[in-house]
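J.: A predicted structure for the sequence below; I have some questions about it.
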Amino acid sequence: MSEQPAGNPGAQLAHWKPLRSVELLTGSVGDRLREHAATIGERPAVYVAAEGNCETVEVLDYRELLRLAENCARWLAQRCQPGERVGIWSRNAVESVILQYGCALSGTIVTHFNTAWTDTELEHGLALVEPSLVFVGVDHAGRPLEERLRAQANCELHSIDDIREIAETPSAQALPEVSAEDPCLIQFTSGTTGKAKGATLSHRAVLLGGWLRPYCEGATERDVWLNAVPFHHIGGSIAIMVGAMSVGGAFVVLPKHDRDQLIRLMPVVGATRMGGVPTMWLDILDSPDLAPNARISSVSLGGASVSPELAHAIQDRLGARCGIAYGQSEFAIITAVLPGDPIEVACDTVGRPLPHIEMKIIDPGSGEILAVDEPGEICVRGPTSMDGYWGNPQATAETIDADGFLHTGDIGTLDTAGYCRIRGRLREVIIRGGENIYPIEVENALQSHPDVALAAVVGMPHPRLGQEVAAAVKLNPGSAATVETLENHVKTLVASYKVPKAWRIVENMPVTASGKIRKVEIEPLFR
């Protein structure tokens, strides 16, 4: 493969060379916003829907969004130097959108705090990024967060509601020059295996991280994103917010996921691009309120494997193709399933590396590139990579090697056509008597059982084999499934040595706000 100029056709090594057929955007996030305000200023940029309300939808066009963001930027520039951090601790709100673009225009670095954080996690986040200002609102359930923040923050605090007044107040304050290389956003990792780290993403990484996928999918200024992913997740702050802006489209600000509101909003805003996890879409398709003539061009699914039945149902019911993508906090976008790929590709892979992205699969021990279809660590480099972990040069050096490849920590394979399949996390690989077992394979087998809502598979210590397979399972409400039932089901789908030997039926599965299971809390159940 390494002899190929680009791509991976007919290769024997799992090394995808970057395709450079696409000319990349240049400049900063603010440059792109200004460009759209000047050329398509009257087109909608943001739709704002109140919680549970579809009758009144506020619309900000590009000219108005830029005006509000520039006023906010001038206010920030009076108080902060470029490179200082501005925190946001609130569920999704239009004020957060104005503030994020205000930070981009002022050269300050925006960082969204997870509204589901405990006080301990908040303390860690504040100590790590040391924000000069934090704007605070309510959490996903509408509970005020200010009192908790004031008990810990050692910086200037403001209500997120103050942004509207700030953004309506003109100022003569000059704004700095901001380049594509300047830091734009600190994205906290999910913290599923320990304390969250802060991935520092440049304006280039943020802009291209939002733009590459929709551009390659053919998105235009007529597209409207309708998705309730929280802004503290890279899917919200980059893939949706910046993704829509990057192609001149619009997106809808939703405070939280509400199936019925989503369905009612679809015709109101003219939604063309939606997303979510498979369980959300099973609920949407099951709703009697979903219009028979509803039409969406693209549904992006993630968080769990996609069944062929669901993919075909979405295509038949909505006329939409199912899209799958792969990225990380540390690398905004890596792969995607694109138009023209067979529907089976969306059910079995995460697509191929996008233009300008290089990927190789290596042996974690030796660093050697493996053969196609052989599982190993996924390593990537390209323009959507982080610069490093904020305040943690040691972790940065452990993650980005001397050649600029970011070691994702994910185990995967690459086939001869360049399609990538995710097998699990490197540190989660269970080594049982010399056999490598990838938890995601066993979890998918478990979650194919109709009574299983969530499953987490981990390794537990074993005196002779080194490790043994253990599973924690959350059942669907009303289920009477037993461990024996689940064990027999899994035995029909995976090799006998992969079948869990220890089981826990749990009432609640510890998950992050983005839906990832916190295995660091599952592992102690089996010690």
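T.: Okay, I see it.
J.: tell me how far the nearest residue to residue 312 once chain neighbours are set aside lies from residue 213.
T.: Once flanking residues are discounted, residue 312 sits nearest to residue 343: 6.7 Å by CB to CB, 6 or more residues apart in numbering. Backbone N, C-alpha and C define where each C-beta goes, glycine included. Distance, residue 343 to residue 213, by CB to CB, to the nearest Å: 18 Å.
J.: got it, and residue 84?
T.: The separation that residue 84 has from residue 213, given CB to CB, amounts to 30 Å.
J.: please identify which of these two sits among more neighbours.
T.: A direct count of neighbours by other CB atoms under 10 Å for residue 84 and residue 213 places residue 213 higher, at 27 against 19.
J.: could you name the helices and strands sitting against the helix or strand hosting that one?
T.: If you go by DSSP states H and E, residue 213 is part of helix 203-217. Applying 3 or more CB pairs under 8 Å, 6 or more residues apart in numbering; DSSP states H and E, one finds that helix 203-217 contacts helix 29-39, strand 183-188, helix 241-246, strand 335-336.
J.: rerun at 7 Å
T.: The contact analysis (3 or more CB pairs under 7 Å, 6 or more residues apart in numbering; DSSP states H and E) places helix 203-217 against helix 29-39, strand 183-188, helix 241-246.
J.: which parts of stretch 158-172 are buried?
T.: Neighbour counts using 16 or more other CB atoms under 10 Å place 160, 163, 166-167 of stretch 158-172 among the buried residues.
J.: show me where pLDDT drops low in the chain?
T.: Along the chain, segments meeting pLDDT under 70 span 1-11, 52-53, 191-194, 303-305, 512-515.
J.: what sits against the residue nearest the centre of it?
T.: Centre of the chain computed as the mean C-alpha position; nearest residue by CA atoms, centre = their mean is residue 235, 3.6 Å away. If you count contacts by CB atoms under 7 Å, 6 or more residues apart in numbering, residue 235 has them with residue 229.
J.: and residue 511, bridged to which residues?
T.: Legend: beta-bridge partners of residue 511 under DSSP bridges are residue 517.
J.: which element is the residue sitting furthest away from the middle of the chain on?
T.: Distance from the C-alpha centroid of the chain peaks at residue 464, with 39.2 Å (CA atoms, centre = their mean). Under DSSP H and E, no helix or strand contains residue 464.
J.: follow-up on the earlier one: save the helices and strands packed on helix 203-217 as a markdown table, and put in distance to residue 99 too.
T.: Listed next are the helices and strands packed on helix 203-217 as a markdown table, based on distance: least, CB to CB, whole Å:
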| stretch | distance to residue 99 |
| --- | --- |
| helix 29-39 | 13 |
| strand 183-188 | 12 |
| helix 241-246 | 11 |
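J.: as CSV, these with distance to residue 131 and mean neighbour count would be great.
T.: Output for the helices and strands packed on helix 203-217, formatted as CSV (distance: least, CB to CB, whole Å; neighbours: other CB atoms under 10 Å):
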stretch, distance to residue 131, mean neighbour count
helix 29-39, 19, 19
strand 183-188, 9, 26
helix 241-246, 20, 26
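J.: of these, which is nearest residue 376?
T.: Smallest distance to residue 376 across the helices and strands packed on helix 203-217 (CB to CB): 25.5 Å, for strand 183-188.
J.: contact partners of the closest one?
T.: Contacts of strand 183-188 from elsewhere in the structure, counted by CB under 7 Å, 6+ apart, are 29, 83, 85, 104, 109-111, 114, 125, 129, 196, 198-203, 206, 234, 237, 329, 387, 390.
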